[in-house]
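Novice: heads up, no residue letters with this:
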């Protein structure tokens, strides 16, 4: 049988060296407070160059990198972020933020109360649609700029938006992680979701309380900027744009189709209501010899995170093709530990997989079979195994600054610059995602104490 794996100088260390270089670079930029995801581009290029040097077959490594970059899921994300940027630009240009501020002020919602409301809104959207990235894409450009006038702490607000998106990704029956975790463990989705509530709801309640208590901005920061133009409540009509996208997603339509529908609704509603001038959508700046407009500005918003994702998937593909993950799974396959130790093995396996692949579903699929084998041999039920998988992948990718969800959330804070708000660095965004931290705590407590290892979710014998 032909060996199709990539082989590296220094063995496993060489295979992991590009990823290690990337993580080191991201940590350095994150601790330095660099808020722009474009700063990661040179680090990723250096990681790919290192992989090329260490690979024994540099041509094969280069082909693996390009193959990883060109995956359909990568192109989908790139296209979706460009479309989402257009949608966000349309909604903001139509005065939605100004109208939202007026409504919230009239209702007396501000500070930590508004941050908590943002968390709940995103939790509902992500639960209904099953997409965390889609929720961040849709909600962040609408909610984040309002922090400027509603005395909400910007960092807490974007952390709450990401936390709400995480909540739905974890419990939604139509979430890709829910489907993957349940199917790999041969468990019914309904039962998995019901059994997961005992972990997700307490973590969500704690996050909600923390956002209420900590979400207010200091007095000297609350009035950094206010919307310059008053739209009254006219801009609320622009809510039709994201609602059109959400409605399409609820009907199980494709993400691209849903975003295009939202853009179309935004253009029609904005122009008809007078919130957007038709000529501002796309026009020629003759003096600068360039095209400008709301549509182009929106597309440009997605450039930074798109290039980051493309390069990252190239690095990850090189690690995957080295067989490191397969070797890790094989070493676990023949172990038959106690239920508690089996759960620690499962936690370790999925943790390693998600860090190495940086993709939740790919990680679940990578270790799903070994999780089922090890769990079944130790008597751990299918529900319990599925929950261990899903809860783990809903923590790391939403906490650490080298994962796409955190990078994406940080990049969307650029929508607040026009209102005087800062861009929040990925490190801060992840630290303030209280729901994922709570979920991680629940996970560790559950394995350590056996909480949940009963009442239909524990060992098979029970």
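Specialist: Received, thanks. No experiment lies behind these values; they were computed from the predicted model shown.
Novice: Name the SS class of residue 150, please.
Specialist: Assigned by DSSP: H, G, I helix; E, B strand; the rest coil, the conformation of residue 150 is coil.
Novice: Quick check on it: phi, psi?
Specialist: Main-chain torsions, residue 150, degrees, to the nearest 10: phi -110, psi 20.
Novice: Tell me which residues touch residue 438, please.
Specialist: Residue 438 makes contact with 202, 203, 204, 206, 207, according to Cβ atoms under 8 Å, 6 or more residues apart in numbering. Glycine gets a C-beta too; all of them are placed from N, C-alpha and C.
Novice: Put the buried members of the residues you listed into a ChimeraX selection.
Specialist: To isolate the buried ones among the contacts of residue 438 in ChimeraX, judged by 16 or more other Cβ atoms under 10 Å, type:
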select :203,204,206,207
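Novice: Would you convert the contacts of residue 438 into a markdown table that also reports secondary structure?
Specialist: Below are these laid out as a markdown table (three-state DSSP):
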| residue | secondary structure |
| --- | --- |
| 202 | helix |
| 203 | helix |
| 204 | helix |
| 206 | helix |
| 207 | helix |
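Novice: any idea how far residue 380 is from residue 365?
Specialist: 19 Å (Cβ to Cβ, to the nearest Å).
Novice: same question, residue 200
Specialist: 19 Å.
Novice: Can you report how many residues lie near residue 354?
Specialist: Per other Cβ atoms under 10 Å, the neighbour tally for residue 354 reads 25.
Novice: need the contact list for the residue nearest the centre of the chain.
Specialist: Central residue of the chain (Cα atoms, centre = their mean): residue 405, 2.4 Å from the mean position. By Cβ under 8 Å, 6+ apart, the contact set of residue 405 is 132, 133, 136, 162, 165, 166, 397, 398.
Novice: Apply 7 Å and report the result again.
Specialist: 132, 133, 136, 162, 397, 398 (Cβ atoms under 7 Å, 6 or more residues apart in numbering).
Novice: any idea how far it lies from residue 95?
Specialist: When residue 405 is compared with residue 95 (using Cβ to Cβ), they lie 29 Å apart.
Novice: Could you do residue 62 as well?
Specialist: With Cβ to Cβ as the criterion, residue 62 and residue 95 are 48 Å apart.
Novice: Of these two, which one has the most company?
Specialist: Neighbour count, other Cβ under 10 Å: between residue 62 and residue 95, residue 95 has more, with 26 against 16.
Novice: For that one, report the pLDDT, please.
Specialist: As predicted, residue 95 sits at a pLDDT of 75.
Novice: doesn't residue 236 make contact with it?
Specialist: No: using Cβ atoms under 7 Å, residue 95 is not in contact with residue 236; the gap is 8.7 Å.
Novice: Now do the buried residues in stretch 195-205.
Specialist: Quick answer for stretch 195-205 (16+ other Cβ under 10 Å): 195, 196, 199, 200, 203, 204.
Novice: Looking at those, spot the one nearest residue 85.
Specialist: residue 204 (28.8 Å; Cβ to Cβ).
Novice: got the contact list for that closest one?
Specialist: 123, 167, 435 are the contacts of residue 204 under Cβ under 7 Å, 6+ apart.
Novice: I'd like to know how far it sits from residue 164.
Specialist: From residue 204 to residue 164 the distance is 9 Å (Cβ to Cβ).
Novice: quick one: the strands in the stretch 201-350 of the chain?
Specialist: Listed in chain order, the strands of the stretch 201-350 of the chain (DSSP state E, counting those that start in this stretch) span 283-285, 290-292.
Novice: Which of the ones you listed has the lowest mean pLDDT?
Specialist: Among these, strand 283-285 scores lowest, with a mean of 79.
Novice: can you give me the offset of that one from its chain's centre?
Specialist: 35 Å (Cα atoms, centre = their mean, to the nearest Å).
Novice: Listing partners with orientation, what would you give for that strand?
Specialist: Strand 283-285 pairs in its sheet with strand 290-292 (antiparallel), by DSSP bridges.
Novice: ok, now which ones touch residue 134?
Specialist: 249, 255.
Novice: Please identify the helix or strand for it.
Specialist: In the assignment (DSSP states H and E), residue 134 maps to helix 132-143.
Novice: Give me the helices and strands touching whichever helix or strand comes after that helix, please.
Specialist: Per DSSP H and E, the first helix or strand lying C-terminal to helix 132-143 is helix 154-171. Secondary-structure packing of helix 154-171 (3 or more Cβ pairs under 7 Å, 6 or more residues apart in numbering; DSSP states H and E): helix 111-129, helix 132-143, helix 189-214, helix 404-412, helix 426-431, helix 434-449.
Novice: Tell me which of these sits nearest to residue 293.
Specialist: For residue 293, the closest of the helices and strands packed on helix 154-171 is helix 132-143, at 16.8 Å, according to Cβ to Cβ.
Novice: Okay, angle between that closest one and helix 111-129 too, please.
Specialist: 140 degrees (axes from the mean of the first three to the mean of the last three Cα atoms, to 10 degrees).
Novice: so where's the stretch 251-400 of the chain uncertain?
Specialist: For the stretch 251-400 of the chain, residues meeting the criterion pLDDT under 70 lie at 252, 325, 328-337, 366.
Novice: could you pull out the helices for it?
Specialist: Per DSSP state H, counting those that start in this stretch, the stretch 251-400 of the chain carries helices over the ranges 255-273, 294-301, 303-321, 324-332, 339-357, 360-378, 382-393.
Novice: can these go into JSON lines with extra columns for distance to residue 185?
Specialist: Listed next are these as JSON lines, based on distance: least, Cβ to Cβ, whole Å:
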{"stretch": "helix 255-273", "distance to residue 185": "26"}
{"stretch": "helix 294-301", "distance to residue 185": "38"}
{"stretch": "helix 303-321", "distance to residue 185": "22"}
{"stretch": "helix 324-332", "distance to residue 185": "15"}
{"stretch": "helix 339-357", "distance to residue 185": "10"}
{"stretch": "helix 360-378", "distance to residue 185": "6"}
{"stretch": "helix 382-393", "distance to residue 185": "4"}
